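Chemist: After the sequence you'll find the predicted model.
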Amino acid sequence: MTINSICPWAQSDPNMTHYHNTEWGRPSHDDTYLFEMLNLEGAQAGLSWRTILNKREGYRRAFHHFDLDRCAALSESDLEAIREKGEVVRHPQKIKAVKSNALAALKIQEEFGSLSAYFWQFTDHHPIINHRQQSSQIPAQDELSVKVSKDLKKRGFKFVGPVTIYSFLQAIGVIDDHLITCPYHTDHR
């Protein structure tokens, strides 16, 4: 096997390359990061990931760096101000979802001790390391993302369909979908 270059999707833009090389597919157990990625992936629905990465700092400013307590406490007027003036995707339901997701996440922390414990329990706290040769082999969703999506929806989360959750699980390193030829694949780190 020859290690060539980074995954093709990350080669077209410096922000995408940086995200790929420093974050994507690396196991994370930080609740604030997990909450951020869950909401950014939800915001991405119907848009490109490049669009969301370009607005990431705007999201961080608007949503108090994804502090769960502060997001849960956002008022209707706070959410409207974010929609009107924030450097975010201005979809009203996606903006409101951050608050409802924060409220649901706080309940998960009470039940499981952390968001990390909740998400990683689906894989017995071990990453799924795939060995794909081509991007075309990566599914948009799988049984795990369907299962996690259903559970999140039952718990009151918004914008957490199976495709969004598959991307989220990749982002936080529960699923390593770096191509086997990518130097950032788990086997090469």
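Modeler: Perfect, thanks for sending it. Residues are numbered from 1 along each chain as shown.
Chemist: Below-threshold pLDDT in the protein: ranges please.
Modeler: Within the chain, the stretches with pLDDT under 70 are 1-2.
Chemist: need the helices for it, in chain order.
Modeler: Assigned by DSSP state H, the helices in the chain fall at 14-22, 31-44, 49-54, 56-62, 68-72, 76-85, 92-112, 115-121, 143-154, 162-171.
Chemist: Now render these as a markdown table, adding distance to residue 180 and mean neighbour count.
Modeler: C-beta: built from backbone N, CA, C; applies to glycine. Putting the helices of the chain into a markdown table (distance: least, Cβ to Cβ, whole Å; neighbours: other Cβ atoms under 10 Å) gives the following:
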| stretch | distance to residue 180 | mean neighbour count |
| --- | --- | --- |
| helix 14-22 | 15 | 15 |
| helix 31-44 | 24 | 22 |
| helix 49-54 | 22 | 16 |
| helix 56-62 | 28 | 16 |
| helix 68-72 | 36 | 16 |
| helix 76-85 | 41 | 14 |
| helix 92-112 | 33 | 18 |
| helix 115-121 | 23 | 19 |
| helix 143-154 | 20 | 16 |
| helix 162-171 | 15 | 23 |
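Chemist: Let me have the ones you listed in JSON lines, adding distance to residue 137 as columns.
Modeler: Shown next, in JSON lines, are the helices of the chain (distance: least, Cβ to Cβ, whole Å):
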{"stretch": "helix 14-22", "distance to residue 137": "17"}
{"stretch": "helix 31-44", "distance to residue 137": "21"}
{"stretch": "helix 49-54", "distance to residue 137": "19"}
{"stretch": "helix 56-62", "distance to residue 137": "28"}
{"stretch": "helix 68-72", "distance to residue 137": "36"}
{"stretch": "helix 76-85", "distance to residue 137": "38"}
{"stretch": "helix 92-112", "distance to residue 137": "30"}
{"stretch": "helix 115-121", "distance to residue 137": "24"}
{"stretch": "helix 143-154", "distance to residue 137": "16"}
{"stretch": "helix 162-171", "distance to residue 137": "13"}
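Chemist: Identify the residues contacting the nearest residue to residue 16 once chain neighbours are set aside.
Modeler: Leaving aside its chain neighbours, residue 16 sits nearest to residue 10 (4.8 Å; criterion: Cβ to Cβ, 6 or more residues apart in numbering). For residue 10, the contact set (Cβ atoms under 8 Å, 6 or more residues apart in numbering) comprises 16, 17, 19, 20, 21, 24.
Chemist: I'd like the distance between residue 10 and residue 18.
Modeler: Residue 10 is 9 Å from residue 18, where distance means Cβ to Cβ, to the nearest Å.
Chemist: what's near enough to touch residue 162?
Modeler: Contacts of residue 162 by Cβ under 8 Å, 6+ apart are 141, 145, 146, 149.
Chemist: Relative to residue 188, which of these is nearest.
Modeler: Residue 188 has its nearest neighbour among these in residue 145, at 24.9 Å by Cβ to Cβ.
Chemist: Would you agree the closest one is in contact with residue 166?
Modeler: Yes: Residue 145 lies in contact with residue 166 (Cβ atoms under 8 Å); the separation is 3.8 Å.
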